[in-house]
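Trainee: coordinates only, sequence not included:
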């Protein structure tokens, strides 16, 4: 089963990568682009029996390894 | 309009971050996790008029700035 974990900085935490990209896009002529946020996405194959089990396992992984919960939040999705 | 650009290493390009995470997850007792891939996800608000225009603009951004097309591929999604 394919599982995807998306990790973003929490709202309110300054996203310097996002700001840099926003400025660079403006410089390239892409106007009207705002609120750029950069995150990580981690995908993997899970041997979990079903979608619920796979998502529960992925949340444990995010809690213990993948995300820094002080400044980051995450979303899991199994399909 | 919210736009999301997901950028991954192309298949065949060694994903060292993914390998490191896979090994670390194994060490934490998460068995059955394979093919871990790590990518970036960039979200932003676009002033584009509709979904088609927003996605076309996002593809241009990815081509020109966000992705290194030698080793990376991307997927855009507007909603």
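Mentor: That came through fine. Keep in mind that what you see is a predicted model, and the values were worked out from it rather than measured. Numbering: from 1, shown residues only, chains lettered A, B, ... in the order given.
Trainee: With chain B in mind, check whether stretch A:27-36 reaches it.
Mentor: Yes: judged by CB under 8 Å from any CB of the partner chain, stretch A:27-36 comes into contact with chain B at A:28, A:30, A:31, A:32, A:33, A:34, A:35, A:36. C-beta here means a position set from N, CA and C on the backbone, and glycine is covered the same way.
Trainee: Surely the last one is within a strand?
Mentor: Which is residue A:36. Yes: under DSSP: H, G, I helix; E, B strand; the rest coil, residue A:36 sits within a strand.
Trainee: What is the burial count for it?
Mentor: 21 (other CB atoms under 10 Å in any protein chain shown).
Trainee: Just confirm it contacts residue A:23, I think it does.
Mentor: No: the criterion here is CB atoms under 8 Å, and residue A:36 misses it with residue A:23 at 9.1 Å.
Trainee: and the gap between the residue of chain A most remote from its centre and residue B:28?
Mentor: Distance from the C-alpha centroid of chain A, by CA atoms, centre = their mean, peaks at residue A:29 (26.8 Å). As judged by CB to CB, to the nearest Å, residue A:29 and residue B:28 stand 46 Å apart.
Trainee: in chain A, what spans have low per-residue confidence?
Mentor: Residue ranges of chain A with pLDDT under 70: none are present.
Trainee: Those residues of it touching chain B, which are they?
Mentor: Residues of chain A lying close to chain B (CB under 8 Å from any CB) are A:6, A:8, A:18, A:21-22, A:24-25, A:28, A:30-48, A:57, A:60-61, A:64-66.
Trainee: cutoff 7 Å now
Mentor: Within chain A, the residues that sit near chain B (CB under 7 Å from any CB of the partner chain) are A:6, A:21, A:24-25, A:28, A:30, A:32-47, A:57, A:61, A:64-65.
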